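Student: make a model of this:
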Amino acid sequence: MRKGKFLRSIFVVLIIVVVCNIVGNSFYKRFDLTQDKRYTLSPASREILQNLNDSIRFSVYLHGDLPVAYSKMKREISDMLNEVQRIGGSHIEILFLDPLQKAKTDKEKQAIYQRLVENYGLMPTPISKENSEGKIEQQLIFPSMIVSTPQQFVPVNLLASATGATLEEQIHSALQQLEYQVVKSIKQLTSSERKTVAFITNHGEYPYQFVYDFTMSLRESYNVERITTQQLWDSLAKYTAVVLAQPLTEFSDSSKFILDQYCMRGGSILFASDNADFDATALQQAPAVDVLPRNLNVSDVLFNWGVRINPTILIDRQSAKIAFNVNPPTMTPRFEAAPWYYYPLLRPAKNAHAITTNIDVVKAEFASNVDTVEGNGFIRKTVLLESSSRARTIGLPNTIGFDILKIPPTDEFFNRYNLPVAVLLEGQFNSLYANRQAPFAVQKNAQLKQSLDDAKIIVIGDGSIMKNEIDATTGRPRPLYYYTYFAVDKRNYFGNKEFLLNAMDYLCGEHDLLTIRAREFKIRLLNKNRIHNEIAYWKMFNIVLPILLVVIAGVILYIVRTRKYVKKHVSKTNNSLS
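Tutor: Okay, here's the model as predicted:
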């Protein structure tokens with residue numbers, strides 16, 4: 001009887017397990033119990049995936065025998081892509097590929113590395129690995145993927161702009177941007193019409209090689225051209241946004257009128273220029289230089305928009321470092337890291353905006369602070385970037401140089417705080433030329449538009465935040481994050497490009513990408529100092545606690561069983577006596 005009941009119980013359990021497996025394989029469902037919903041796609045991502053008409057393949061090259069940190073990264077990528085596939089359905093295909101699976105010799109490995117880098121634009125990461133002989137050898141892995149349709153592909157290098165001091169922090173940063181990278185690549189592949197942005201070039205703005213990295217990053221999502229203001233006037237409706245990157249010469253009345261009317265017709269503008277007229281390379285030849293205010297003849301336009309770029313140079317306690325010779329000229333040079341207060345590290349303003357959410361600090365050079373004024377219209381002004389709480393401005397004209405490093409300034413010297421450097425202007429703008437005659441050069445084709453209800457302009461008091469350096473040996477542009485004095489500064493400035501791309505996405509109306517990029521996941525890494533200090537305690541805890549729990553469970557079980565059988569024995573004794 002008991003044996004039959006036992007077999008029936010086992011049979012019922014097996015049936016339940018089989019049914020659960022069938023249901024589980026037929027209906028995929030995830031429950032995201034994390035506080036920041038890191039495994040749940042944003043509504044903007046879901047909408048894009050649900051409206052897919054093209055087949056998208058994700059070929060992930062982070063595969064094979066990986067170190068622990070990268071294995072965890074691979075698992076997170078797999079979880080994210082599975083969720084993408086769940087929503088995108090049959091339009092999404094996922095492949096995890098080991099690039100070295102078929103390589104048997106070092107020559108074959110090098111050929112595969114070269115093909116992935118040169119043909120597909122993937123960036124390798126070196127790791128140290130123990131071989132079969134117990135020796136440590138260097139190997140390259142690819143924390144990258146290729147997102148493709150049958151016609152084209154987009155490389156996604158997950159660690160390319162990851163920030164953090166440790167590998168764990170960099171991987172966390174990369175995973176935080178994974179959803180953004182996935183959706184951005186899908187939009188690049190499926191967008192039928194790409195918006196066009198333009199760099200204005202006829203006022204001494206940065207040449208192409210100095211904005212190469214920014215330009216190439218923009219080309220991933222937009223068509224990019226370099227034009228004059230006259231060419232802009234000839235095709236006002238063609239360009240969604242224009243960039244003025246550090247203009248050096250005066251604006252003519254015609255140029256100002258064209259920019260004004262471009263804005264009145266719905267165009268967005270990114271204007272970036274300091275107000276200090278000097279050549280910074282002169283400090284390589286002399287310990288001090290004279291600096292004059294720069295006259296661009298655009299004060300009236302900026303004032304009409306609601307801002308003023310002051311004739312100042314911003315200095316900040318929070319700044320990038322340079323290599324500074326601390327020995328007198330007669331002695332052998334001895335270079336040490338010194339804060340170069342003229343290179344402030346701008347931080348996002350406290351009133352969090354989607355443009356500056358989750359970005360790193362932005363390195364500026366000889367920036368000018370920006371004041372907001374009333375402007376002409378109903379204009380909302382949002383400070384995007386500002387100085388630290390220990391800052392100061394130097395009025396121009398003035399002399400600047402290395403004297404500021406010889407006697408380190410005190411905190412009292414930095415008597416200003418939270419000085420705006422980048423400001424977003426949006427709302428209803430009225431034309432500067434509403435009650436004025438158009439300049440003669442454009443009068444023939446001038447049809448004055450006097451106001452616009454929804455315009456967007458960003459004014460930055462420094463153009464160098466979009467300037468990449470040039471390699472002196474090869475003559476090629478360096479990445480925008482690169483800093484000449486990295487050896488002493490120990491930082492890559494990824495915040496510059498993050499801010500600029502976010503700004504352009506906002507100006508071009510790509511708010512869904514901004515929303516996705518602004519998502520923040522809290523990093524929860526182990527406290528290494530606490531581990532080191534408390535390692536003995538936790539070892540003993542992990543050894544003693546299980547034993548103690550077993551002993552306690554045994555004692556409880558013994559007491560329960562003793563009482564149970566004592567009662568039965570007493571009951572039987574009483575029955576026999578009766």
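Student: which strand runs longest in the protein?
Tutor: strand 335-348 (DSSP state E).
Student: pLDDT of the longest helix along the chain, averaged?
Tutor: What stands out as the longest helix in the chain, according to DSSP state H, is helix 528-577. Mean per-residue pLDDT for helix 528-577: 77.
Student: report all helices and strands that it contacts.
Tutor: For helix 528-577, not one helix or strand is in contact under the criterion 3 or more Cβ pairs under 8 Å, 6 or more residues apart in numbering; DSSP states H and E. For glycine as for every other residue, the C-beta is placed from the backbone atoms N, C-alpha and C.
Student: quick one: distance of it to the chain centre.
Tutor: 53 Å (Cα atoms, centre = their mean, to the nearest Å).
Student: now the spatially closest residue to F303 that is not a sequence neighbour: how far from C263?
Tutor: Of all residues not flanking F303 in the chain, V373 sits nearest, at 6.0 Å (Cβ to Cβ, 6 or more residues apart in numbering). From V373 across to C263, the span is 17 Å (Cβ to Cβ, to the nearest Å).
Student: how about the helices in the stretch 301-450 of the chain?
Tutor: For the stretch 301-450 of the chain, applying DSSP state H, counting those that start in this stretch gives helices covering 403-406.
Student: what ranges of the stretch 351-500 of the chain fall below the confidence cut-off?
Tutor: Across the stretch 351-500 of the chain, the ranges flagged by pLDDT under 70 are 440-446.
Student: rerun at 50
Tutor: By pLDDT under 50, the stretch 351-500 of the chain has no low-scoring segment.
Student: strands along that one, start to end?
Tutor: Remark: strands assigned in the stretch 351-500 of the chain by DSSP state E, counting those that start in this stretch are 362-363, 370-372, 377-386, 391-395, 398-401, 420-430, 451-460.
Student: quick one, which of the ones you listed is nearest to A198?
Tutor: Closest to A198 of the strands of the stretch 351-500 of the chain, according to Cβ to Cβ: strand 451-460, at 15.2 Å.
Student: for the closest one, packing partners?
Tutor: Against strand 451-460 (3+ Cβ pairs under 8 Å, 6+ apart) you get helix 253-264, strand 268-272, helix 299-305, strand 377-386, strand 420-430, helix 495-507.
Student: adding distance to G89, write the ones you listed out as a markdown table.
Tutor: Shown next, in a markdown table, are those (distance: least, Cβ to Cβ, whole Å):
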| stretch | distance to G89 |
| --- | --- |
| helix 253-264 | 42 |
| strand 268-272 | 36 |
| helix 299-305 | 47 |
| strand 377-386 | 39 |
| strand 420-430 | 38 |
| helix 495-507 | 27 |
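Student: and of those, who's closest to A288?
Tutor: Nearest to A288, of all those, is strand 420-430, at 24.2 Å by Cβ to Cβ.
Student: to F414, which of the helices and strands packed on strand 451-460 lies closest?
Tutor: Of the helices and strands packed on strand 451-460, nearest to F414 by Cβ to Cβ is strand 377-386, at 13.8 Å.
Student: mind listing what's buried along that closest one?
Tutor: 377, 379, 381-386 (16 or more other Cβ atoms under 10 Å).
Student: can you list the strands that it pairs with?
Tutor: Strand pairing for strand 377-386, using DSSP bridges, gives strand 335-348 (antiparallel), strand 420-430 (antiparallel).
Student: could you dump the ones you listed to TSV with mean neighbour count and distance to V459?
Tutor: TSV is the format used below for the strands paired with strand 377-386 (neighbours: other Cβ atoms under 10 Å; distance: least, Cβ to Cβ, whole Å):
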stretch	mean neighbour count	distance to V459
strand 335-348	21	14
strand 420-430	22	5
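Student: of these, which is nearest K406?
Tutor: Nearest of those to K406, taken as Cβ to Cβ: strand 335-348 at 9.9 Å.
Student: so for that closest one, mean pLDDT?
Tutor: In this model, strand 335-348 has a mean pLDDT of 96.
Student: for stretch 77-92, same thing?
Tutor: pLDDT averaged over stretch 77-92 gives 93.
Student: figure out which of the helices and strands packed on strand 451-460 is closest to R57.
Tutor: helix 495-507 (25.2 Å).
Student: after that closest one comes which helix or strand?
Tutor: Sequence-wise, the next helix or strand downstream of helix 495-507 (DSSP states H and E) is helix 511-517.
Student: quick one: buried residues of that following helix?
Tutor: Buried-residue list, helix 511-517, by 16+ other Cβ under 10 Å: 512-517.
Student: so who does E76 touch?
Tutor: E76 sits next to 175, 178 when contact means Cβ atoms under 8 Å, 6 or more residues apart in numbering.
Student: could you list the domains of the chain?
Tutor: The chain is divided into the following domains under automatic domain parsing: 1-30, 34-188, 196-507, 533-573.
Student: ok, and which of those domains has the densest surroundings?
Tutor: With neighbours taken as mean count of other Cβ atoms under 10 Å, those reach their highest mean count in domain 196-507, at a mean of 18.
Student: now do the same end-to-end measure for stretch 439-457.
Tutor: 23 Å (Cα to Cα, to the nearest Å).
Student: ignore what I typed, I meant stretch 81-100.
Tutor: Stretch 81-100: ends 23 Å apart by Cα to Cα.
Student: contacts for that stretch next, please.
Tutor: 28, 30, 39-41, 45-46, 49-50, 52-64, 74, 78, 109, 112-113, 116, 142, 182.
Student: go with 7 Å
Tutor: 28, 30, 39, 41, 46, 49-50, 52, 54-61, 63-64, 109, 112, 116, 142, 182 (Cβ atoms under 7 Å, 6 or more residues apart in numbering).
Student: mind putting the buried residues of helix 511-517 in a markdown table, pLDDT and distance to L97 included?
Tutor: Shown next, in a markdown table, are the buried residues of helix 511-517 (pLDDT from 0 to 100; distance: Cβ to Cβ, whole Å):
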| residue | pLDDT | distance to L97 |
| --- | --- | --- |
| D512 | 86 | 30 |
| L513 | 84 | 27 |
| L514 | 86 | 32 |
| T515 | 84 | 31 |
| I516 | 86 | 26 |
| R517 | 81 | 27 |
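Student: surely P67 meets T125?
Tutor: No: using Cβ atoms under 7 Å, P67 makes no contact with T125, being 10.4 Å away.
Student: confirm that V18 sits in a helix.
Tutor: Yes: assigned with DSSP: H, G, I helix; E, B strand; the rest coil, V18 falls within a helix.
Student: what does the pLDDT read for it?
Tutor: 80.
Student: so how far is I10 from it?
Tutor: Distance, V18 to I10, by Cβ to Cβ: 13 Å.
Student: hang on, the earlier thing: from the contacts of stretch 81-100, which ones fall inside strands?
Tutor: Per DSSP E, the subset of the contacts of stretch 81-100 in strands is 56-60.
Student: the strands in the stretch 151-300 of the chain, which residues?
Tutor: With DSSP E, counting those that start in this stretch as the criterion, the stretch 151-300 of the chain has strands spanning 153-157, 196-200, 223-227, 241-245, 268-272, 276-277, 288-293.
Student: okay if I get those strands as a markdown table plus distance to P329 and mean pLDDT?
Tutor: Putting these into a markdown table (distance: least, Cβ to Cβ, whole Å; pLDDT from 0 to 100) gives the following:
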| stretch | distance to P329 | mean pLDDT |
| --- | --- | --- |
| strand 153-157 | 46 | 93 |
| strand 196-200 | 42 | 98 |
| strand 223-227 | 44 | 98 |
| strand 241-245 | 37 | 98 |
| strand 268-272 | 37 | 98 |
| strand 276-277 | 27 | 95 |
| strand 288-293 | 14 | 95 |
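Student: out of those strands, nearest to T410?
Tutor: Smallest distance to T410 across those (Cβ to Cβ): 21.2 Å, for strand 288-293.
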